[in-house]
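Novice: generate a structure from the sequence data that follows.
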Amino acid sequence: MGTDAAVHAEGLVKHFGDVVALDGIDLTVERGQVVGLLGPNGAGKTTTVRILSTLLQPTAGTAAVSGFDVVKHPDDVRRAIGLTGQYAAVDEYLTGRENLRMFGDLYHLSPRYVKERSAELLEWFDLTDAADRPARTYSGGMRRRLDLAASLVAQPSILFLDEPTTGLDPRSRLGLWGVISSLVEQGTTVLLTTQYLEEADQLADDIVVIDHGRVIAHGTAEQLKDQIGGDRVEVSVTDPAAVDRAVGALRSVASGEPVVEELRISAPVSGGSTVLVDAIRALDAQGVEVSDLVLRRPTLDDVFLSLTGHMAEEDAAPVVPAGRRGRRGKGGESA
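Specialist: Numbers count the residues shown, from 1 in each chain. From the prediction side, this is the model:
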């Protein structure tokens, strides 16, 4: 396909009957990069990963992983990748060590190598003490770590992580972030799908935002934040009756239209910290009593809300039949 990228896809389309899951996705992941595929539930993230990992065939378009066409050379692709899905794919009746050995057998690796590699991975993922316990006794975070360890038994150069921290508590999520960062430092290329904005901000070198089965934005976290106007002033008021007056006050100092969320009003601004003085004066002139006033950089939540009109964690609406693409509502994926 004329590229040395670890992953390269052009015009990926996937229909499930009359349903459009992907509507022309372009995606490139350079070697050694972490690319975050960001979008709400049903946006097409999992469908994209399934095509790239040869679990699904595209309806149209082309994709290559490690230089191999995913349709023409699926076995070569599978040898190059590791895959961790949204739910831990471990056998709960086997021990942690037995689970890793099972994955080694599936890859037809030598027993001696699998034994050594399993011990290494169990230590790295802090599972040595639990290695000979059945996986059903593991916590959710331990299962996710074991699942990720299993995907690394064959030392893949490219790793697909499909919402790897779904359902984890904050501590377990941070621990898994550390593991992913360590993998990247060792040269692993990672395609990470997530609906957690903070996760993409923390881990990804590059972010591709998809919605309705299409790419709607692409860039680094900072580039995406800059697209919606730099700094933002946030004001919290104590009286619901003062919201409209606060909006009017911020409109006089803002570079874009203020956004209201209950008793909080946020607006894009330029001019740095001096704009706070102008905002205070404008609010005072309108007789608005505030409980909080802050100037901050935009977050990826702001980016996603600006691009799509909804938050990333919200479920997508029902998918749209292929014949009605001109009147498309929310797009979606089969699973």
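
Novice: for the chain, what spans make up the strands?
Specialist: For the chain, the strands defined by DSSP state E cover 7-16, 19-29, 34-38, 60-65, 68-69, 81-84, 158-162, 189-194, 206-211, 214-219, 232-237, 259-261, 264-268, 290-296.

Novice: buried ones in the longest one, by neighbour count?
Specialist: Pointing back at strand 19-29 there. Under the neighbour-count criterion of 16 or more other Cβ atoms under 10 Å, strand 19-29 has 19, 20, 21, 22, 23, 25, 27, 28, 29 buried. All C-beta spots, glycine's among them, are computed from the backbone N, C-alpha and C.

Novice: one more: stretch 96-105?
Specialist: For stretch 96-105, by 16+ other Cβ under 10 Å, it's 96, 97, 98, 99, 100, 101, 103, 104.

Novice: need the contact list for residue 77.
Specialist: Going by Cβ atoms under 8 Å, 6 or more residues apart in numbering, residue 77 touches 52, 53, 54, 65, 66, 68, 70.

Novice: then residue 147?
Specialist: 84, 85, 88, 89, 90.

Novice: can you redo these as CSV with pLDDT and distance to residue 189?
Specialist: Formatted as CSV, the contacts of residue 147 follow (pLDDT from 0 to 100; distance: Cβ to Cβ, whole Å):
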residue, pLDDT, distance to residue 189
84, 89, 14
85, 81, 18
88, 69, 22
89, 80, 21
90, 88, 24
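
Novice: of those residues, closest to residue 233?
Specialist: Closest approach between the contacts of residue 147 and residue 233, by Cβ to Cβ: residue 84, at 40.3 Å.

Novice: what about the closest one, how many neighbours?
Specialist: 23 (other Cβ atoms under 10 Å).

Novice: hmm, residue 160 and it touching each other?
Specialist: Yes - with contact taken as Cβ atoms under 8 Å, residue 84 and residue 160 are classed as touching, separated by 7.2 Å.

Novice: neighbours of residue 72, how many?
Specialist: Residue 72 has 10 neighbours, counted by other Cβ under 10 Å.

Novice: okay, residue 15 and residue 25: tell me how far apart.
Specialist: As judged by Cβ to Cβ, to the nearest Å, residue 15 and residue 25 stand 13 Å apart.

Novice: now swap in residue 151 and tell me
Specialist: Residue 151 sits 23 Å away from residue 25, going by Cβ to Cβ.

Novice: check the closest residue to residue 13 other than its chain neighbours and give its pLDDT.
Specialist: If the residues on either side of it in the chain are set aside, residue 13 comes closest to residue 60, at 4.0 Å by Cβ to Cβ, 6 or more residues apart in numbering. Residue 60 carries a pLDDT value of 97.

Novice: ok, residue 60 - contacts?
Specialist: 11, 12, 13.

Novice: check residue 146 too.
Specialist: Counting by Cβ under 8 Å, 6+ apart, residue 146 touches 88, 90, 96, 99, 100, 125, 127, 135, 138.

Novice: hang on, isn't residue 26 packed against residue 5?
Specialist: No - using Cβ under 8 Å, residue 26 makes no contact with residue 5, being 11.7 Å away.

Novice: that older thread, neighbour-wise, which of the contacts of residue 77 leads?
Specialist: Comparing the contacts of residue 77 by number of neighbours (other Cβ under 10 Å), residue 65 comes first, having 29 neighbours.

Novice: that residue is in contact with residue 158, isn't it?
Specialist: Yes - Residue 65 sits in contact with residue 158 when judged by Cβ under 8 Å, with a separation of 6.3 Å.

Novice: now residue 296. Nearest residue, chain neighbours left out?
Specialist: What sits nearest to residue 296 in space, not counting adjacent residues and going by Cβ to Cβ, 6+ apart, is residue 232, at 5.9 Å.

Novice: what do you get for residue 248?
Specialist: Of all residues beyond its chain neighbours, the one nearest residue 248 is residue 286 (6.2 Å), with distances taken as Cβ to Cβ, 6+ apart.

Novice: what about that neighbour, distance to residue 251?
Specialist: Residue 286 sits 11 Å away from residue 251, going by Cβ to Cβ.
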